[in-house]
Structures are given as C-alpha cells and as structure tokens.
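In: Predicted model, plus sequence, below.
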Amino acid sequence: MVATCCGMGVAFRFSGLQSLRIKETDRLLALRQELGKLGYRITEHDGSILESEAKREGLENSISSNSKSIDTYNDHRMAMCMAPLAVLCKDGLIINDAQVVSKSYPTFWDDLKIAGYGIERL
C-alpha cells in the first residue's frame, strides 16, 4: 500500500507496522530507502508508523540516471510492490535480484508483461 499510495500521489499515514521489521528484511527501512530513490520522502515514527505526502521531490517526474535501480533485499514483496512504479520513470526501472519473486509468484514478470509493462531481462 505504501508504494501504491506514493505512485498514485495519495498522502498516507499507516500505523501498526511494527511486524514489518521482522520479515525477510526490515521493510520499513527498505520502503523508505527505495522509494527515496524515486523522490518520495517517507517519515517513520515509533518503529510502527509510516507517513508521507506522497509527492515526488527534486526529480522533475523522472529519476536521475544514477538512482534508477531498486534493491529487493532478498524480499519478494519489495520487488513486486516497486515494479509497477516503473511507469513513473522516464527511462524505466531496474529491479535488482528480480528472480526473488519466484518464492511466491513465479510468473509475476510474465504477468506484468501481459498487463502491458515492457519487461527486459538484463
């Protein structure tokens, strides 16, 4: 939901997120870092709240050439929530360690391609 709200420009405040720290990765930190690469400023409070105005800052609606890759932290959900944000990126978006989705959704990239996304394996 955090990535979706950012992509749609919808301000949010999600609470009760403390369990996201103990998953495959610290998802609170990972979301803040990776969405930050796309120009979104997300604030964390008390280890359980994320909030943002969901406005892209300083990138003039395109990501810079040195920050267009997203790290997945060996976490399938990070890859899947960030991939649709490629539509916001003028030159596309690189999802590092993309095969991590095979854990829960092995056909994810094929299905995104069917949905109209341009998918290229690097």
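Out: Perfect, thanks for sending it.
In: From the centre of the protein, give me the residue that's furthest out.
Out: For the chain, the residue at maximal distance from the C-alpha centroid (CA atoms, centre = their mean) is Asp46, at 21.6 Å.
In: any idea how far that one lies from Leu38?
Out: 25 Å (CB to CB, to the nearest Å). In this view, the C-beta of every residue, glycine as well, is placed from N, C-alpha and C.
In: which other helices and strands contact the longest helix seen in the chain?
Out: Assignment by DSSP state H gives helix 27-37 as the longest helix of the chain. Identification of packing neighbours for helix 27-37 by 3 or more CB pairs under 8 Å, 6 or more residues apart in numbering; DSSP states H and E yields helix 2-8, strand 43-45, strand 49-52, strand 69-70, helix 76-82.
In: okay, those, which one's buried deepest?
Out: Here the criterion is mean neighbour count by mean count of other CB atoms under 10 Å, and of these the winner is helix 76-82, at a mean of 22.
In: what secondary structure does Trp109 sit in?
Out: Counting by DSSP: H, G, I helix; E, B strand; the rest coil, the backbone at Trp109 sits in helix.
In: Good, wrapping up.
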